[in-house]
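Colleague: fold the following and give me the result.
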Amino acid sequence: MALSRITYQKVSIKYGIFVGIAHILYFLVMRLLNLQNRVELSFLSAVFLIIGIAIAISSFKRARGGTINYFQGLAIGATTGVVSSSILALFLGVYVTVLDPAYLASLQSSSVFPVSLSVLSLFVLTIIYGSVPGFIIAFVAMQWFKRADHAMPERI
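Modeller: Residues are numbered from 1 along each chain as shown. A predicted model of the protein is given here:
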């Protein structure tokens, strides 16, 4: 593939979709195990975001011949976070309005969310909770990926 056709937007959207699907699957597994009301367990899904951003940055760097601009790496992390959290927010919006309206009430009774939590505020908070960490994770990851001596492993 030509280098000009590979953009950080395409890479981050692709991996953002993967991470968003992983978030949804994790939520559904928690639901099957009747753990969806344990809000603190939902923060473990940050592992998916960390892995997704690291793979996205690595993939972009490999596709660009081993070079990456620092700000492109930050943009990959931020965009991956926004895309994945938007997918999760859409799913949660449908989930609390159609599939399980009682789940919103359980979130309101938790100490993590306010009592006045609405579907719209859940949607916005979900996007914020995924976007800000996406940027921070990318900032940390780029300390390693920006190095010139960081060699990309060959594909097997």
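
Colleague: now the helices for this protein?
Modeller: Remark: helices assigned in the chain by DSSP state H are 8-32, 39-42, 46-63, 70-94, 102-109, 119-145.

Colleague: let's have those helices in TSV, adding mean neighbour count and mean pLDDT.
Modeller: The C-beta positions use only the backbone N, C-alpha and C, and glycine is treated the same way. Output for the helices of the chain, formatted as TSV (neighbours: other Cβ atoms under 10 Å; pLDDT from 0 to 100):
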stretch	mean neighbour count	mean pLDDT
helix 8-32	19	91
helix 39-42	14	74
helix 46-63	20	89
helix 70-94	22	91
helix 102-109	14	77
helix 119-145	18	83
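
Colleague: contacts for stretch 58-78?
Modeller: The set of residues external to stretch 58-78 that reach it, using Cβ atoms under 8 Å, 6 or more residues apart in numbering, is 1, 3, 6, 8-9, 11-12, 15, 53, 56-57, 131, 134-139, 141-142, 145-146, 151-152, 155.

Colleague: at 7 Å instead, please
Modeller: 3, 6, 8, 11-12, 53, 56-57, 131, 134-135, 137-139, 141-142, 145-146, 152 (Cβ atoms under 7 Å, 6 or more residues apart in numbering).

Colleague: so how far does that stretch reach from one end to the other?
Modeller: When the termini of stretch 58-78 are compared using Cα to Cα, to the nearest Å, they are 15 Å apart.

Colleague: return the distance of it from the chain's centre.
Modeller: How far stretch 58-78 lies from its chain's middle: 17 Å, per Cα atoms, centre = their mean, to the nearest Å.

Colleague: any idea how far Val96 lies from Ser45?
Modeller: Shown here: Val96 relative to Ser45, a distance of 17 Å by Cβ to Cβ, to the nearest Å.

Colleague: whoops, I mixed them up, Ile53
Modeller: Using Cβ to Cβ, one obtains 13 Å as the distance from Ile53 to Ser45.

Colleague: may I have the phi/psi pair for Ile68?
Modeller: Backbone torsions for Ile68, taken as degrees, to the nearest 10, come to phi -150, psi 140.

Colleague: would you mind measuring from it to Gly134?
Modeller: When distance is defined by Cβ to Cβ, Ile68 is 16 Å away from Gly134.
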